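>>> quick one: sequence and predicted model below, then my questions.
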Amino acid sequence: MDRNSIAFALIGFSASFFLCLPNLKKWQSNKIRREKLGMITEALEKAEERVKRHEERHDRILGQVCSHYLLNRDLEEALAAARAALNEALEFAAGLRSLQMKLISSYPYNIQSIDEI
């Protein structure tokens, strides 16, 4: 009698494990997706802050040029460097946004949204 109950218990636990395995895979993929989106979102926020700092720097330099009506070579170079840094930061942020959209679109729509989990 004890051997039968142990055997049935083992069979029951094995069956419950196999029934829970697809849900475990979903939970794991959702966790990985949340982590990836979190990293991309964090990098995107940092990139957007960097763009904002470059825009402020560019505006200050442009304000100096306009207020003094002075266009010497150093100021022109600083303005060009600021514009190049701003363009680079904007391209980086756009690339991150594109990567985020590709990651979001690579998962099927029939799974739960991250907010519901």
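Thanks, I have it.
>>> excluding residues flanking it in the chain, which one is nearest Glu48?
Nearest residue to Glu48, sequence neighbours excluded (Cβ to Cβ, 6 or more residues apart in numbering): Ala93, at 5.6 Å. For glycine as for every other residue, the C-beta is placed from the backbone atoms N, C-alpha and C.
>>> now the helix or strand harbouring the one you found: buried residues?
Element membership of Ala93 [criterion: DSSP states H and E] is helix 73-105. Neighbour-count burial for helix 73-105 flags 79, 82, 85-86, 89-90, 92-93, 96, 100 (criterion: 16 or more other Cβ atoms under 10 Å).
>>> let me know the closest of those to Cys66.
Leu79 (10.9 Å; Cβ to Cβ).
>>> output the below-cut-off pLDDT ranges for this structure.
Within the chain, the segments meeting pLDDT under 70 span 1, 8, 13, 15, 17, 67-72, 108-117.
>>> report the longest helix in it, please.
Secondary structure assigned by DSSP state H gives helix 2-68 as the longest helix of the chain.
>>> what sits against the residue nearest to Glu48?
44, 47-48, 50-51 (Cβ atoms under 8 Å, 6 or more residues apart in numbering).
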